[in-house]
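Engineer: for reference, the sequence and a predicted model appear below.
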Amino acid sequence: MESAPAEGEASLGTKVRSATRWSLVNTMVMRLGNFATGIFLVRYVLDPAAWGVYGVAQTVLMVLLAANELGVTLAVVRWDGDVRRFAPTVLTLGALSSGLLYLVLFVSAPAVATLLGSGEATAVLRVMCLCLVLDGLSQVPAGVLTREFRQGRRMVIDALNFVVSTSVTLILALHGWGAMSFACGAVAGNVVALAGCAVAAPGMLRFGWDKEQARALLRFGLPLAGASLLSLAVVNADAMIVGAVLGNIALGFYMLAFNMAGWPVRVISETARRVSFAGFSRLADDPKALSAGFARALGVLMAATVPACVLLGALAGPLVELVYGATWRPAAEALPWLMALGLARIAAELTYDCLVAIGRRRSLLLIQGLWLVTLVPVLILAARAGGIDTVAVGHVVVAGVIVLPAFLVALRRGGIAARALARVCVRPVLGGAVMGVVLVLLRQRLGEGVVALCATGVIGLVCYGLCVLPGRTLVRGALARRGPTRGDERPVADAERAVAPVPAQKQPAAPARER
């Protein structure tokens, strides 16, 4: 007869796997829809300048969303006990903070838009950032869905959001509303999402106030809000600097390249974003299980994302022209470097989620602060010295030389050895290097036609598979060789199944919500 902990672990693993499957379907469908919508708008409706204006508004919104509910809504997922006891206080705090943030943004919108080199973005900012208020209201019911792994219901909500937001955006864009069409579509979609969350998690839109709970929530949430704000500032600093130094047109090209670089990153991140933190939180009190699950997650996620990143980086120019048209070819200058940055971001986001789960919020805050303080001057110098390609190079250098080593130190202090992480990543990295060389050689020999690109991509993926598939047990085998330790008779692999691949930052629900 199995013990109670074993039964609980099996139940958790079942919930996480089910939620991950729903999340994968949800992410793929939404991403394909956003991808098709973006192609249509970029090729036939918007020019680089209009795309740059939208990028400014979206960048500001992303940064504000990181702090709009003070980090307290993560308690809905993380805290033990009956969520109904503290949910009203969480909702009140979220609504107050998001409302105050929007008022500040509304007043300062002209100055913010001018500072970012896009004075015409003022009205778009004021409309799009209404999503702050809607997001603050929806976080409690959305958090309950995440806590209980109800990703099937979340998929229905996201589908309704997508249909409404995309319809509004397309209609207004075709009538000449430009970047404002995105803002109106985002607001309409978030209204529908709020209503859907309220129906899917009944009773969670109830305001209340408990002074002691509020203090505890702020002690829990403020470090996380600070870390999230710094993280989003890191991710969006390049767009702000490119817009301010190089102008709207350069920003439009850079944003397109950044969006393309994010395709593989976001598909995997958003697949697991709603289950990974909950899964890590369940394992936070078992260092061995958490370490095994983290290593396995990193190995799986690297094996899945490396080929997509190498493919987009090696064939950047012809792929940009094929998908978006020759007008957007300059975006390919930054794309290879941004693909390398995408891999670093995936590892950083996974580490972020793990550090939050084990309570190392101070370390997380320090690392994110170091990243931002180092990144901003490097990107400013890079933008002034060259173009969007040098900005992307600066991003990669800071991430690889400073940030990832700092995250490794933090993980080691949390009980996760760098050696185990290296073992699960070695084959994907070597396979990616082989694939990159093959793609470059074939492109030179076969050319850039559609048929040639398809053949080149297929051959490159086959070469990658030949390098990685012999190590399909690289994750399980590398971890299993460690074996159970004294006092822990459960195989490490049992705990591994309870963790999903990778987290991601909270993002607004918009029809083309890539940055």
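Structural biologist: Received the coordinates, thanks. Numbering: from 1, shown residues only.
Engineer: which parts of the stretch 201-350 of the chain are helices?
Structural biologist: Using DSSP state H, counting those that start in this stretch, the helices of the stretch 201-350 of the chain run over residues 211-246, 248-272, 276-283, 287-314, 316-324, 335-357.
Engineer: for these, which has the smallest mean pLDDT value?
Structural biologist: Lowest mean pLDDT within the helices of the stretch 201-350 of the chain: helix 276-283, a mean of 64.
Engineer: shaky segments in the stretch 51-200 of the chain?
Structural biologist: 63, 65-82, 117, 147-151 (pLDDT under 70).
Engineer: show me the helices in it, by range?
Structural biologist: Under DSSP H, counting those that start in this stretch, the stretch 51-200 of the chain gives helices at 74-78, 83-115, 122-128, 130-147, 151-174, 180-200.
Engineer: so what does the last one touch, helix or strand wise?
Structural biologist: Using 3 or more CB pairs under 8 Å, 6 or more residues apart in numbering; DSSP states H and E, the elements in contact with helix 180-200 are helix 48-65, helix 122-128, helix 130-147, helix 151-174. Bear in mind the C-beta positions are built from the backbone N, C-alpha and C, glycine included.
Engineer: in TSV, list these along with mean neighbour count.
Structural biologist: Listed next are these as TSV, based on neighbours: other CB atoms under 10 Å:
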stretch	mean neighbour count
helix 48-65	25
helix 122-128	22
helix 130-147	24
helix 151-174	20
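Engineer: how far is stretch 119-129 from where the chain is centred?
Structural biologist: Taking the mean of its C-alpha atoms, stretch 119-129 sits 24 Å from the chain's own mean (CA atoms, centre = their mean, to the nearest Å).
Engineer: try stretch 362-378
Structural biologist: That offset, for stretch 362-378, works out to 18 Å (CA atoms, centre = their mean).
Engineer: show me which residues of it are buried.
Structural biologist: For stretch 362-378, a neighbour-count test (16 or more other CB atoms under 10 Å) marks 363-365, 367-368, 370-372, 374-376, 378 as buried.
Engineer: ok, the residue lying closest to Ala417 once chain neighbours are set aside to Leu350 distance?
Structural biologist: Leaving aside its sequence neighbours, Ala417 sits nearest to Ser291 (CB to CB, 6 or more residues apart in numbering; 7.4 Å). Distance from Ser291 to Leu350, counting by CB to CB, to the nearest Å: 13 Å.
Engineer: more neighbours: those two, which one.
Structural biologist: Leu350 (27 against 24; other CB atoms under 10 Å).
Engineer: look up how far Val234 lies from the more buried one.
Structural biologist: 15 Å.
Engineer: kindly report the same for Thr146.
Structural biologist: Taking CB to CB, one finds Thr146 at 24 Å from Val234.
Engineer: which phi and psi does Gly447 have?
Structural biologist: phi 90, psi -170 (degrees, to the nearest 10).
Engineer: in contact with it: list those residues for me.
Structural biologist: With contacts defined as CB atoms under 8 Å, 6 or more residues apart in numbering, Gly447 has no neighbours.
Engineer: distance of it relative to Val320?
Structural biologist: To Val320, Gly447 is 16 Å away according to CB to CB.
Engineer: for stretch 382-389, measure first residue to last.
Structural biologist: 9 Å (CA to CA, to the nearest Å).
Engineer: buried sites along that stretch?
Structural biologist: Here stretch 382-389 shows 382-383, 387-389 as buried, counting by 16+ other CB under 10 Å.
Engineer: and which of those is nearest to Trp328?
Structural biologist: Ile388 (12.1 Å; CB to CB).
Engineer: look up how far Ala344 lies from that closest one.
Structural biologist: 18 Å.
Engineer: if I pick the residue lying closest to Phe253 once chain neighbours are set aside, what's in contact with it?
Structural biologist: Using CB to CB, 6+ apart and skipping the chain neighbours, the partner closest in space to Phe253 is Ala331 (4.3 Å). Shown in contact with Ala331 (CB under 8 Å, 6+ apart): 253-254, 256-257, 260, 320, 324, 388.
Engineer: would a markdown table of those residues with distance to Cys131 be doable?
Structural biologist: What follows is these, written out as a markdown table (distance: CB to CB, whole Å):
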| residue | distance to Cys131 |
| --- | --- |
| Phe253 | 25 |
| Tyr254 | 23 |
| Leu256 | 22 |
| Ala257 | 25 |
| Met260 | 24 |
| Val320 | 29 |
| Tyr324 | 26 |
| Ile388 | 27 |
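Engineer: between the residues you listed, which is nearest Phe106?
Structural biologist: Tyr254 (27.1 Å).
Engineer: if I read this right, that closest one contacts Val245, doesn't it?
Structural biologist: No. Tyr254 is not in contact with Val245 according to CB atoms under 8 Å; the separation is 11.0 Å.
Engineer: more neighbours: these two, which one.
Structural biologist: Tyr254 (33 against 16).
Engineer: ok, back up a step: which pLDDT value goes with the residue nearest to Phe253?
Structural biologist: In this prediction Ala331 is given a pLDDT of 90.
Engineer: again, but for Ala418
Structural biologist: So, for Ala418, pLDDT stands at 81.
Engineer: and the one 4 residues further on, by the same measure?
Structural biologist: At Ala422, the model reports a pLDDT of 85.
Engineer: any idea which element it lies in?
Structural biologist: Assigned by DSSP states H and E, Ala422 belongs to helix 418-446.
Engineer: what packs against the following helix or strand past that helix?
Structural biologist: Scanning forward in sequence from helix 418-446 by DSSP H and E, the next helix or strand is helix 450-468. Where contact means 3+ CB pairs under 8 Å, 6+ apart, helix 450-468 is packed against helix 287-314, helix 316-324, helix 418-446.
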